[in-house]
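Visitor: From the sequence below, what's the structure:
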Amino acid sequence: MLSLVQKKTLQRLAHHALETLYCDGSPATAITVGLEEITCGYSGVFVSLHVNNKLRGCIGNLNEAAPLAELIVEMTQAAACHDPRFEPVRAEELRNVTIEISLLHRMEPVRSPEEIEIGRDGLMVRRGKKHGLLLPQVAAKRDWEAITLLEQTCRKADLPPEAWQEPETEVFRFQAEVFSDHDE
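Guide: Next up, the predicted model:
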């Protein structure tokens with residue numbers, strides 16, 4: 001678990017990463033005091049950007065070997081500019097952006113829907129080169145049950161909704177440490 005100071009530092013780092021996209025400034029990774037000891041140990045990082053409580057971008061990376069601060073910067077900037085579902089965040093939106101960071105814990109195989117706890121577990125589905133991932137907060141916010149979460153994760157992977165039942169499809173669950181600007 002991260003301390004409150006570490007979470008706030010990561011939030012500041014993410015906001016600074018956004019600001020550096022729209023104006024000249026110091027390198028976004030300059031704000032890393034207190035983060036040295038948490039450069040590994042998570043299986044992934046996702047950054048979600050919201051403007052006026054609406055999702056404007058969400059990008060993640062499952063590279064657990066990269067330094068955490070670098071991943072936060074990269075994923076924040078990618079969420080702002082490269083989420084194919086949205087137009088890039090505009091400079092005038094920055095004052096209304098809230099950032100949610102999800103640090104993913106170890107992935108575990110899922111053998112049945114009964115192993116999934118809504119609100120605690122996120123899912124990743126993989127078959128060949130196709131994969132999809134939904135964070136734990138998605139199912140809770142949408143009031144989904146485990147089967148719906150499985151089906152929606154398959155859809156995110158561009159697979160048929162029932163693909164989670166097929167032996168060639170791998171299904172993993174994970175927990176995440178999630179924090180945002182709203183936590184203050």
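Visitor: CA atoms for contacts and neighbours, from now on please.
Guide: Noted.
Visitor: Skip the chain neighbours and tell me the closest residue to residue 161.
Guide: residue 151 (4.2 Å; Cα to Cα, 6 or more residues apart in numbering).
Visitor: Are we agreed that that neighbour is in a helix?
Guide: Yes. Membership of residue 151 in a helix is supported by DSSP: H, G, I helix; E, B strand; the rest coil.
Visitor: Surely it and residue 165 touch.
Guide: No. Assessed by Cα atoms under 8 Å, residue 151 is found out of contact with residue 165, at 9.7 Å.
Visitor: on that earlier part again, and the residue nearest to residue 161, how far is that from residue 50?
Guide: From residue 151 across to residue 50, the span is 25 Å (Cα to Cα, to the nearest Å).
Visitor: what do you get for residue 93?
Guide: Distance, residue 93 to residue 50, by Cα to Cα: 10 Å.
Visitor: In terms of packing, which of those two has more residues around it?
Guide: With neighbours defined as other Cα atoms under 10 Å, residue 93 and residue 50 compare such that residue 50 has more, 19 against 11.
Visitor: residues in contact with the more buried one?
Guide: Going by Cα atoms under 8 Å, 6 or more residues apart in numbering, residue 50 touches 56-57, 97-99.
Visitor: Make a PyMOL selection of the buried ones in those residues.
Guide: With 16 or more other Cα atoms under 10 Å as the burial test, the buried ones among those are selected in PyMOL as follows:
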select buried, resi 56+57+97+98+99
